[in-house]
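1. I'd like to go over a predicted model; first the sequence, then the structure.
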Amino acid sequence: MKPIQQYSLRAVLAVWAAAAVPMGLLAWVIVPALAGERLFEGRVLGLTAGLVWQFLLVLALVYREQRSLRWHVLREALWLRPPQDAKGRKGGRLWLWALVFLAGAAALQLLPLTLPAPASHNMETYLDSAQGRETLSGNWGLYLLILAMLLFNTVLGEELLFRGLLLPRMAGAFGRADWVANGILAGLYHLHQPWSIPRSIITHSLLYAYSVKKFKSAWLGIIVHSSSSVFIAAVILAIVAS
């Protein structure tokens, strides 16, 4: 495969904008205008569409760089490979570092880092409401859509774009601080839920970006980030099955 290109600051910000702006417009303009009273369902559908767009954007940019989308090319171009350390060791016990970062993610959840969210956009409030339980109970089609949203959020969309595509290409613009800049940009990307930006900047920097940079494997970021998706999917499954 061809060498991974280093992005300029302008290119990094352009990719960031291509991910963040559509999500913000979907959440605050397009979905409220079209969804009416079915705001929750509209948000799930809209955000899923925005995350699918990010996945397609990643594929387009990799193809532009590598002229191929074969798995062995994607694996190297997006760091979808086993973790490796400075001594050249790969995989094996290095996967256990995921448990360390998972513990860090759990610890950060205990800190009051999230700002108050509007009730209309607060999933926790909605799931606890009578309307939320009525909407979700027995609604397996909506649950499958939520699973698709979660999959694209922490595997194929957000995580693949920021850690798989951008992080390996940001050293040219940010040097050794590339993982810090990556975490900040990933946090600021959350225009669709700005109340989560403070927590997102910290978790994306200290956990996702750092783990991926240290071990040159996007899988570590995907694993740690996906832990929240698994928890959300389990909570909603209990409501749907009730």
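-> Perfect, thanks for sending it. Worth saying up front: this structure is predicted, and the values here are computed from it rather than measured.

2. Tell me how far the lowest-mean-pLDDT helix or strand in the chain lies from the chain's centre.
-> When the helices and strands of the chain are scored by mean pLDDT, DSSP states H and E, helix 123-128 comes last with a mean of 75. How far helix 123-128 lies from its chain's middle: 21 Å, per CA atoms, centre = their mean, to the nearest Å.

3. list the buried ones in the helix or strand following it?
-> Downstream of helix 123-128, the first helix or strand assigned by DSSP states H and E is helix 130-136. Going by neighbour count (16 or more other CB atoms under 10 Å), the buried part of helix 130-136 is 132, 135-136. Where you see a C-beta, it was placed from the backbone N, CA and C, and this is true even at glycine.

4. Then stretch 83-95?
-> So for stretch 83-95, counting by 16+ other CB under 10 Å, buried means 83-84, 94.

5. Same check on stretch 13-32?
-> Per 16+ other CB under 10 Å, stretch 13-32 contains these buried residues: 15-16, 19-20, 22-24, 26-27, 30-32.

6. cool, and stretch 179-191?
-> Those would be 179-187, 189-191, for stretch 179-191 by 16+ other CB under 10 Å.

7. Look up which helix or strand the residue nearest to A98 when sequence neighbours are not counted falls in, please.
-> Distances taken as CB to CB, 6 or more residues apart in numbering put I223 closest to A98, at 4.8 Å, once the chain neighbours are dropped. Per DSSP H and E, I223 falls inside helix 218-240.

8. so how far is L136 from the residue nearest in space to the middle of the chain?
-> The C-alpha lying nearest the average C-alpha coordinate of the chain belongs to E158 (CA atoms, centre = their mean; 3.2 Å). Look at E158 and L136: by CB to CB, to the nearest Å, they are 23 Å apart.

9. how about the helices of the chain, start to end?
-> For the chain, the helices defined by DSSP state H cover 9-25, 31-35, 39-66, 71-77, 97-108, 123-128, 130-136, 140-151, 158-159, 171-174, 178-188, 197-203, 210-215, 218-240.

10. what about A35, how many residues close to it?
-> Residues near A35, counting by other CB atoms under 10 Å, number 16.

11. give me the low-pLDDT residue ranges for the protein?
-> Confidence mapping of the chain against pLDDT under 70 gives the ranges 113-114, 117, 119-121.

12. on that earlier part again, show me what the least confident helix or strand of the chain is packed against.
-> Judged by 3 or more CB pairs under 8 Å, 6 or more residues apart in numbering; DSSP states H and E, helix 123-128 is in contact with helix 130-136, helix 218-240.

13. what's the longest one packed up against?
-> Put plainly, it is helix 218-240. In terms of contacts (3+ CB pairs under 8 Å, 6+ apart), helix 218-240 is packed against helix 97-108, helix 123-128, helix 130-136, helix 140-151, helix 158-159, helix 210-215.
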